[in-house]
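> need a 3D model of the following:
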Amino acid sequence: MRHAHWIAVCTASMCLAPLLARAEPPASGPTSGPTSAPTTQPEAAIGKPAGPDKVSTTEGQITVDGQPLKYRTTAGRMSVQGDADKPKADFFFVAYERLPVEADRSKRPITFVFNGGPGAAAVWLHLGAVGPQRVALSTETDLPLTPFHLEENPDTWLAATDLVLIDPVGTGYSRPTQGEQPQQFFGVNEDIHWVAEFIRLYTTRYQRWLSPKYLAGESYGTTRAAGLSDYLQQSDGIGLSGIVLISSVLNFGTIEPGQGNDLPYVLYLPSYAAVAWYHHKLPPDLQADLHKTIALAQQWATDTYAPALLHDAELTADQRAEINKNLVRFTGLPADFVAKADLRIRPDRFEGSLLADQRQVIGRYDGRITGYNADPLDNSAPFDPSFSPYLAAYTATFNDYVRRTLKYENDSEYAALSGKVQPWNMGSRGSGYLDVSHTLAMAMTNNPSLRVMFVSGYFDLATPFSAASYTIDHMNISPEMRKHIIHNFYAGGHMVYHYRPSRTKLGEDVRAFVTPE
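The predicted structure is shown next:
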């Protein structure tokens, strides 16, 4: 029931609910910027494109860990071709390389980064977590500061790995070539094929075949990354060293509750408890310690709640009453509301009902953030207060940054989050749910050195952390391969990096993951 809605807005960056105007940054702008004039193509040291690509190259510098970090940025389009050597689409990308460039490229990792949606450009991760500049957020509310502007990002992943931010076709400035049908790019398998072709072409033109290669995706971007993991190796001979999956959804059956699928109700329960804890809606014993509360919620959900949903009509009145009592206890929802829910609490109704007594709705992408509920009689969330403020901030700052700092000119609309990629071809699955976890398992089997890091936010109500844990636990891989999986948890939402301490921790965790001892 929520599948189409989730696909349309989940992103990137966070997935960003229904789809993550404009304001000018302060006149002073970022303290760092280009130190050399833009060129029409990359310098010879990093390869020279053979096609009609249009790129701009600049240099910049920021401070990381008290030391200067110099880098070169390449921003522009790369044309990919079909079987008949006919241009099919132009991919927009922004690539960062640490300076000085290492003579032996086999020692410098490179990470290909994208968001999700489908329909999200890479701007969310780009200006939220991984790049040398980030959208300035309030340390008190985690909302964008106005007027919107960028600031140096000391948590940038560039300290450990070169970066290539990719906008899939239909997002950002990436477009099909004139005369090409857009639908050939809009689907699970179609998207994997063309993003893989961009990665192969970039790897070739910029001489990165021997570099350790990583993927990083967020939300539906994790679906894409899992699909790419085996495709790149089997079709293009590109072996990956690791994958970072932020706010992951590999098995859609874990996040889409509906008739005949009770699993998500169980997996959402610990996230409900975490959000209710944040808003002080739990009884005193559960309010004392977040991590203990989450553990108790997970245990009750697995040992008692899941079997109850399985038996359903066989439950006695007393058994149902006991389940309802614990649902009230772990969710903070009113008892009369829970009594009418038939043991099943949909995420949108939790978002609209938890703070209904305060006439507030909580965010889907970040349950910590609230907004005014103009229609409190509707117990489902009418909008997502953790989405709308960020869309304007990311769109405005990128449009300024790409022109003023990166010196790339393009009068087309930069689609930070686009609905034009719909309908999205989910493939032939009958009545089942899309599940690419088996593809990731196959990639790990075919490449025993592949490592995977899952990133989950406690307050994410789009891709709950227990759903990621469930997916990991049900991957068919050997015990030795399972040691190559890390699951890290953060005190944030779908975009864990909007909470400053979590952004710092994520940067540290990624650096350790990309450059293991």
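> from here on, contacts and neighbour counts on C-alpha atoms
OK.
> surely residue 149 and residue 398 touch.
No. Contact criterion Cα atoms under 8 Å: residue 149 and residue 398 do not qualify, at 9.4 Å.
> settle it for me: which of these two has more neighbours?
Neighbours around residue 149 and residue 398, counted as other Cα atoms under 10 Å, are more numerous at residue 149. The numbers are 27 against 22.
> tell me the pLDDT at the more buried one?
At residue 149, the pLDDT value in this model is 97.
> okay, helices next: where are they in the stretch 351-500 of the chain?
Using DSSP state H, counting those that start in this stretch, the helices of the stretch 351-500 of the chain run over 388-400, 437-446, 465-473, 479-482, 500-514.
> actually the stretch 201-350 of the chain, not the one I typed
Under DSSP H, counting those that start in this stretch, the stretch 201-350 of the chain gives helices at 220-236, 263-278, 284-287, 290-300, 306-311, 317-331, 335-339, 347-353.
> overlap in contacts of residue 149 and residue 398?
Shared contacts of residue 149 and residue 398 (Cα atoms under 8 Å, 6 or more residues apart in numbering): none.
> mean pLDDT added to the helices of the stretch 201-350 of the chain, as CSV?
Formatted as CSV, the helices of the stretch 201-350 of the chain follow (pLDDT from 0 to 100):
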stretch, mean pLDDT
helix 220-236, 97
helix 263-278, 98
helix 284-287, 98
helix 290-300, 98
helix 306-311, 96
helix 317-331, 97
helix 335-339, 95
helix 347-353, 95
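> CA atoms only: put stretch 358-365 into CSV for me.
The C-alpha trace of stretch 358-365 is given here as CSV (Å, rounded to 0.1, in the frame of the first residue of the first chain):
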residue,chain,number,x,y,z
GLN,A,358,-0.1,18.2,20.9
ARG,A,359,-1.5,18.7,17.4
GLN,A,360,1.9,17.7,16.0
VAL,A,361,2.9,15.2,13.3
ILE,A,362,6.3,13.5,13.4
GLY,A,363,8.7,13.0,10.5
ARG,A,364,8.9,9.8,8.4
TYR,A,365,12.5,10.3,7.5
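> name the residues of it that are buried.
Buried residues in stretch 358-365, counted by 16 or more other Cα atoms under 10 Å: 359, 360, 361, 362, 363, 364, 365.
> quick one: the first one from residue 154, how far?
Read it as residue 359. 38 Å (Cα to Cα, to the nearest Å).
> what's the answer for the third one, then?
Counting by Cα to Cα, the gap from residue 361 to residue 154 is 33 Å.
> ok, now the fourth one?
Here the distance between residue 362 and residue 154 works out to 30 Å (Cα to Cα).
> which secondary structure state does residue 163 sit in?
Put simply, residue 163 is strand when judged by DSSP: H, G, I helix; E, B strand; the rest coil.
> surely it is in contact with residue 114?
No. Assessed by Cα under 8 Å, residue 163 is found out of contact with residue 114, at 10.6 Å.
> so these two - more neighbours on which side?
residue 114 (32 against 26).
> so that one versus residue 340, what's the distance?
41 Å.
> any low-confidence regions in the stretch 301-450 of the chain?
Applying pLDDT under 70 to the stretch 301-450 of the chain flags the ranges 428-431.
> switch to 80 and redo it
For the stretch 301-450 of the chain, residues meeting the criterion pLDDT under 80 lie at 376-379, 427-431.
> biggest strand in the chain by residues?
strand 67-81 (DSSP state E).
> near residue 197, how many residues? Count them for me, please.
18.
> you'd agree it is up against residue 79?
No. Counting by Cα under 8 Å, residue 197 does not reach residue 79; the two are 10.1 Å apart.
> so what's the residue nearest in space to the middle of the chain bridging to?
For the chain, the residue nearest the mean C-alpha position is residue 218 (1.9 Å; Cα atoms, centre = their mean). Beta-bridge pairing for residue 218 (DSSP bridges): residue 246.
> is it in contact with residue 243, as I believe?
No. Contact criterion Cα under 8 Å: residue 218 and residue 243 do not qualify, at 11.0 Å.
> shouldn't residue 492 be in contact with residue 499?
Yes. Taking contacts as Cα under 8 Å, residue 492 lies within contact range of residue 499: 5.8 Å.
> which of these two has more residues huddled nearby?
residue 492 (23 against 20).
> so for that one, what's the pLDDT?
96.
> show me what the longest strand of the chain pairs with in its sheet, parallel or antiparallel.
When DSSP bridges is applied, strand 67-81 pairs with strand 54-64 (antiparallel), strand 87-99 (antiparallel).
> which of those strands sits most buried?
Counting by mean count of other Cα atoms under 10 Å, strand 87-99 has the highest mean neighbour count of the strands paired with strand 67-81, with a mean of 23.
> contacts for that strand next, please.
Here strand 87-99 has contacts from 69-82, 131, 158-159, 161-169, 172-177, 180, 198, using Cα under 8 Å, 6+ apart.
> if any of the residues you listed are buried, give me the ChimeraX selection for them.
Buried residues among the contacts of strand 87-99 (16+ other Cα under 10 Å), as a ChimeraX selection:
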select :69,70,71,72,73,74,75,76,77,78,79,80,81,131,158,159,161,162,163,164,165,166,167,168,169,172,173,174,175,176,177,198
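> any weak-confidence spans in the stretch 1-150 of the chain?
1-53, 84.
> show me the strands in it, by range?
Secondary structure of the stretch 1-150 of the chain (DSSP state E, counting those that start in this stretch): strands located at 54-64, 67-81, 87-99, 110-114, 133-135, 150-152.
> quick one: contacts of the fifth one?
Outside of strand 133-135, the residues within contact range by Cα under 8 Å, 6+ apart are 30, 126-128, 144, 148-153, 156, 393-394, 397.
> count the residues that sit near residue 469.
By other Cα under 10 Å, the residues close to residue 469 number 15.
> and what of residue 473?
Neighbours of residue 473 (other Cα under 10 Å): 11.
> including distance to residue 438, could the strands paired with strand 67-81 go into JSON lines?
Shown next, in JSON lines, are those (distance: least, Cα to Cα, whole Å):
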{"stretch": "strand 54-64", "distance to residue 438": "38"}
{"stretch": "strand 87-99", "distance to residue 438": "28"}
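> for the ones you listed, which one sits closest to residue 296?
strand 54-64 (39.4 Å; Cα to Cα).
> show me what residue 55 bridges to in the sheet.
Bridge pairing for residue 55 - DSSP bridges - gives residue 76.
> can I assume it is in contact with residue 407?
No. Using Cα under 8 Å as the test, residue 55 is too far from residue 407 to be in contact (9.3 Å).
> and residue 283, how far from residue 325?
12 Å.
> apologies, that question was intended for residue 99.
60 Å.
> one more: residue 491?
In terms of Cα to Cα, residue 491 sits 27 Å off from residue 325.
> what does residue 315 give?
Taking Cα to Cα, one finds residue 315 at 14 Å from residue 325.
> next: residue 152.
Counting by Cα to Cα, the gap from residue 152 to residue 325 is 49 Å.
> who has more neighbours out of these two?
Taking other Cα under 10 Å, residue 152 and residue 325 do not tie; residue 152 has more neighbours (19 against 14).
> tell me what the more buried one is bridged to.
residue 133.
> wait, it touches residue 129, no?
No. If you go by Cα under 8 Å, residue 152 and residue 129 don't touch, sitting 11.0 Å apart.
> contacting residues for the closest residue in space to residue 465 that isn't next to it in sequence?
Once flanking residues are discounted, residue 465 sits nearest to residue 456: 5.2 Å by Cα to Cα, 6 or more residues apart in numbering. Residue 456 is in contact with 246, 247, 248, 464, 465, 468, 487, 488, 489, 490, 494, 496, counting by Cα under 8 Å, 6+ apart.
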